[in-house]
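In: Could you work out the structure for the sequence below:
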Amino acid sequence: MTLAILNTNAVLTMTSREIAELTGKRHDNVCMDIKKMLLELGEDVLNFQGIYIDAMNRAQSEYLLDRELTETLLTGYSAVLRRKVIARWHELESKPSHNIPTSLSAALRLAADQSEQIEAQQAQLAIAAPKVAFVERYVESTGLRGFREVCKLLGANESHFRLFLIDKKIMYRLGSNLMPMAAHLDAGRFIVKTGEQGGHAFNTAKFTAKGVEWVAGLWAVHGLKEAA
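Out: Sure, this is the predicted structure:
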């Protein structure tokens, strides 16, 4: 959730990334839906566009919508997805901790605090960038990688990395195996291979080159936060 400062009043907004997370849709598809909606409404798309720094320290586009525009967007989604996002809005609006400023000085303090948080995040990503760049170069010429191979590449303890993947809802346990969440499978970060051995069918999840590069950024930032 993002708070945007407009004319000294804090306007509660929801980002396209949070909408994507709540609905299970790909972020690029949500962005396309938003741009189409804004054009149909005669709005200037650029007025709602924001920039964030991703796990690879790259500037990426997102969109910030107020509640009215968020609900307008959701009219094209299923009832289940609409309910998830609307429930999140109720949760945000019911919390007394938004600290919405009522004066110019309070608005400026909030803006300064947000700026400091963004700078701190960018500094963390800048520190992590060399390691991520190494992984990026490595995966350019390699194919699919198993869990242990990725641990070795990242210099990660297997137990810690396994818990990290589960905690971040990247993968889940299926018997003695780890399997990717559907959203990450759809995003091309994993593939699942099936086979048969000794008369028993089995599934094996592999990280794609795209998945290794992506998870390396998350793991690097996670390590920095743990060390802080």
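
In: Now do the strands in the protein.
Out: When secondary structure is read from DSSP state E, the chain shows strands at 2-6, 9-15, 49-53, 59-65, 171-174, 177-180, 190-197, 200-207.

In: Next, format the ones you listed as CSV and append mean pLDDT, distance to Glu71 and mean neighbour count.
Out: In this view, the C-beta of every residue, glycine as well, is placed from N, C-alpha and C. Converted to CSV, those look like this (pLDDT from 0 to 100; distance: least, Cβ to Cβ, whole Å; neighbours: other Cβ atoms under 10 Å):
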stretch, mean pLDDT, distance to Glu71, mean neighbour count
strand 2-6, 37, 17, 15
strand 9-15, 71, 10, 17
strand 49-53, 81, 20, 14
strand 59-65, 85, 9, 18
strand 171-174, 88, 31, 14
strand 177-180, 87, 32, 18
strand 190-197, 74, 33, 11
strand 200-207, 77, 37, 15
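
In: I'd like to know which of the ones you listed is closest to Arg26.
Out: Distances from Arg26 to each of the strands of the chain were compared by Cβ to Cβ, and the smallest falls on strand 59-65, at 13.1 Å.

In: What pairs with the closest one, parallel or antiparallel?
Out: strand 9-15 (antiparallel), strand 49-53 (antiparallel) (DSSP bridges).

In: Pop the domain breakdown of the protein in here.
Out: The record's domain parsing of the chain by automatic domain parsing lists 2-97, 127-227.

In: coming back round to it: adding distance to Gly155, write the strands of the chain out as CSV.
Out: Shown next, in CSV, are the strands of the chain (distance: least, Cβ to Cβ, whole Å):
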stretch, distance to Gly155
strand 2-6, 33
strand 9-15, 32
strand 49-53, 24
strand 59-65, 27
strand 171-174, 19
strand 177-180, 19
strand 190-197, 21
strand 200-207, 16
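
In: Of those strands, which is nearest Val30?
Out: With Cβ to Cβ as the measure, strand 59-65 is the member of those nearest Val30 (8.1 Å).

In: Report the helix or strand with the lowest average pLDDT across the protein.
Out: For the chain, the helix or strand with the lowest mean confidence is strand 2-6, at a mean of 37 (criterion: mean pLDDT, DSSP states H and E).

In: now the helices for the chain?
Out: Here the chain has its helices, by DSSP state H, at 16-23, 27-40, 67-74, 79-94, 104-140, 147-154, 158-167, 182-186, 209-227.

In: Which of these has the lowest mean pLDDT?
Out: Comparing the helices of the chain by mean pLDDT, the weakest confidence falls on helix 104-140, with a mean of 55.

In: these two touch, right, Tyr52 and Arg17?
Out: Yes. The pair Tyr52 and Arg17 qualifies as a contact (Cβ atoms under 8 Å) at a distance of 7.3 Å.

In: Need the overlap of contacts for these two.
Out: Counting by Cβ atoms under 8 Å, 6 or more residues apart in numbering, the shared contacts of Tyr52 and Arg17 are Glu62.

In: Kind regards, and thank you for your time.
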